[in-house]
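1. Have a look; sequence and predicted model below, questions after that.
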Amino acid sequence: MRGNASSASASPTSPVSRSAPPVGRGSRRKKVLLALAGLLLAFSVYEYVTLPDAGALEKENPKTTALIEQRAEEAREAGKKARRRQHWVALSAISKHAVAAVLVSEDAGFYVHEGVDSSEVRKAMEEAWEKGRLGRGASTITQQLAKNLWLSTDRSLLRKAKELVLAHRLEESLTKKRILALYLNVVEWGQGVYGIEAGAREHFGVSASQLTVAQGAILAAMLPAPRKRSPSSGSRALWRRAHWIVDQLASVNRITAAQADEARGDIDRLLGRKPAGGSADDDEDER
């Protein structure tokens, strides 16, 4: 009887013999996760409080921008002298046709949204998830301004997050007209060309106030890739986009049918009818 009891106690199925999980393993994992979450929160707060304040731009024009400095550094690394053409003008000194062309092309809902087009951001995030990288698009004029003023041209999620925060700050601090005026004066319009006044002079030899419907459409069509899509580049993408912009302007009654017909003819004259030039990366966004 004593022997049987001994055998039973040593049985591998006995509850006494089962090895219990190390005490505290789940607790340690929880502590590590909490620590990581805390570090992420602290980093987010640090990034938020150290991002630039947009209030100063209410009455002052920036002396330079992150994009201008980036291009200057790229030129120095290539052993070249940085080129900078920029002439600040008021929004009222820019052709209304050119302003309308930029809005239609870059951000048709500019006066409706609060700096971020949430539906477009969602689409961009879904595309990034599918492709494994952040692509182009989804940026409003306010977001583009934030990026040009303070950030780099890389496509990381961290940069995108900063861009969204800064766009919100711009919208909180400035009027829509001020945001648009700043954007039109700092956006890149060719190699070393910044702002619509410099762009008009560089590509058409006129001031921004004198830009025609066709010229405004061409300048707006340059914006996704301003250093590749110059009017003299023979870019098919530029020709197609300029015609599309004219069609959009006519569809929302910003120009008449007669003005649209005239603009299409002017685009063909300025760029050549259906240019044969261009390359496979003609549509690549380089902003």
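-> That came through fine.
2. Could you pull out the strands in the chain for me?
-> 85-86, 193-194 (DSSP state E).
3. quick one: contacts of the last one?
-> Residues outside strand 193-194 that contact it (CB atoms under 8 Å, 6 or more residues apart in numbering): 65, 67-68, 84-86, 185-188, 199, 202, 226. Every residue, glycine included, has its C-beta placed from N, CA and C.
4. With the first one instead?
-> Strand 85-86 has contacts (CB under 8 Å, 6+ apart) with 68, 185, 186, 192, 193, 194, 195, 197, 198, 201, 202.
5. at 6 Å what do you get?
-> The contact list for strand 85-86, computed with CB atoms under 6 Å, 6 or more residues apart in numbering, reads 192, 193, 194, 195, 198.
6. Direction included, what does it pair up with?
-> Its sheet considered, strand 85-86 pairs with strand 193-194 (parallel) by DSSP bridges.
7. between the strands of the chain, which gets nearest to residue 28?
-> Nearest to residue 28, of all the strands of the chain, is strand 193-194, at 54.3 Å by CB to CB.
8. what pLDDT, on average, does the closest one get?
-> For strand 193-194, the mean per-residue pLDDT is 98.
9. Likewise for stretch 89-100?
-> The model assigns stretch 89-100 a mean pLDDT of 98.
10. Of the contacts of strand 85-86, which pair is most distant in space?
-> Taking CB to CB as the measure, the contacts of strand 85-86 have their most distant pair in 192 and 195, spaced 11.5 Å apart.
11. So if I had to pick from these two, which one is more boxed in?
-> Neighbour totals were compared for residue 192 and residue 195, and residue 195 leads with 23 against 20 (other CB atoms under 10 Å).
12. excluding its backbone neighbours, what's nearest that one?
-> Excluding the flanking residues, the one nearest residue 195 by CB to CB, 6 or more residues apart in numbering is residue 185, at 4.3 Å.
13. Same question for residue 140.
-> Residue 140 sits nearest to residue 107 (CB to CB, 6+ apart), 4.9 Å away.
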